[in-house]
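Novice: pasting the structure only:
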Ligand SMILES: [Fe+2]
C-alpha cells in the first residue's frame, strides 16, 4: 500500500501528515501537479523479461503515452541476487538520484512490482511517496525531488520519456536528502 509522509522542509522529525489513503494521497499530490494513479495488478512471474512487463500493462502504457505525449518507454528491474557485482550495482544505481535534483522532462514511473520512494520538495515541504506495486507517479519537469530505492532494492518499473535524452539530473547541490528518513527507515517503520 502506498504511503505518503509530509514534513516541513526544515523539520524532518515529526511528520505533518502520514497517510495510506489513495484518494488523500492523490489529492495532496495533485496540488503540486503530480499525477498519482493505481493500476490493477497483472500476473507476472518473479523472473519476467522487460517485454513481458510491458506486454502485461500494454493498454494502460499506451493510454498514458498518448495522453501525455510520451514517445518511449523502458523497463528497469532490480532484484536481489547472489552475483558478487550486485552490491556495487546497487550502490551505483541508488546513488544516481539520491541527491536533490530536477529534470527538464517529466519523470513518470509505474511500479509493476516492488517499491521505491520519491521525495518531492515543493511548497516548503518534503513529500515522501513510498510507491508500491500498481502505483504510477509523475513528477513534473522542474520539480525538485530525489529517489531512494533502498539498500536492497527490488522492483520492476516502467519509465516514460518524451525524447531519447532520458532523465538528465540537474543537481541543486542541496544536502536536504540526507536529513530525511531513507527508504530503509521508512520501510522499517511500516513493519512496526
Ligand atoms: Fe529524478
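Specialist: Yes, it's here. Note that this is a predicted model, so its numbers are computed, not measured. Numbers count the residues shown, from 1 in each chain.
Novice: C-alpha from now on. contacts and neighbour counts both.
Specialist: Will do.
Novice: From residue 77, how far out is the residue sitting nearest the centre point of the chain?
Specialist: The centre of the chain sits closest to residue 118, judged by C-alpha atoms, centre = their mean, with a distance of 4.4 Å. Counting by C-alpha to C-alpha, to the nearest Å, the separation of residue 118 from residue 77 is 17 Å.
Novice: Any stretches of this structure with poor pLDDT?
Specialist: Scanning the chain with the threshold set as pLDDT under 70 gives 166, 192.
Novice: quick one: the helices in the chain?
Specialist: Ranges of helices within the chain are 22-30, 50-56, 58-68, 86-96, 183-190, based on DSSP state H.
Novice: what's the closest of those helices to residue 161?
Specialist: Closest of the helices of the chain to residue 161 is helix 58-68, at 8.7 Å (criterion: C-alpha to C-alpha).
Novice: what comes up buried for that closest one?
Specialist: Of the residues in helix 58-68, those buried by neighbour count under the rule 16 or more other C-alpha atoms under 10 Å are 61, 62, 65.
Novice: which residue sits closest to residue 32, ignoring its sequence neighbours?
Specialist: Nearest residue to residue 32, sequence neighbours excluded (C-alpha to C-alpha, 6 or more residues apart in numbering): residue 122, at 7.3 Å.
Novice: Relative to residue 71, how far out is that neighbour?
Specialist: Distance, residue 122 to residue 71, using C-alpha to C-alpha: 27 Å.
Novice: got it, and residue 156?
Specialist: 20 Å.
Novice: And these two? Which one has more around it.
Specialist: More crowded of residue 156 and residue 71, by other C-alpha atoms under 10 Å: residue 156, with 22 against 13.
Novice: Do I have it right that the more buried one meets residue 78?
Specialist: Yes: between residue 156 and residue 78 there is a contact at 6.6 Å, judged by C-alpha atoms under 8 Å.
Novice: which residues touch the residue nearest to residue 25 when sequence neighbours are not counted?
Specialist: Leaving aside its sequence neighbours, residue 25 sits nearest to residue 4 (C-alpha to C-alpha, 6+ apart; 6.3 Å). Remark: with contacts taken as C-alpha atoms under 8 Å, 6 or more residues apart in numbering, residue 4 is in contact with 17, 18, 19, 20, 25, 127, 128, 129, 130.
Novice: Got phi/psi on the residue lying farthest from the centre of the chain?
Specialist: Taking C-alpha atoms, centre = their mean as the measure, the residue most remote from the mean C-alpha position of the chain is residue 84, 26.2 Å away. In terms of degrees, to the nearest 10, the main-chain angles of residue 84 are phi -60, psi -20.
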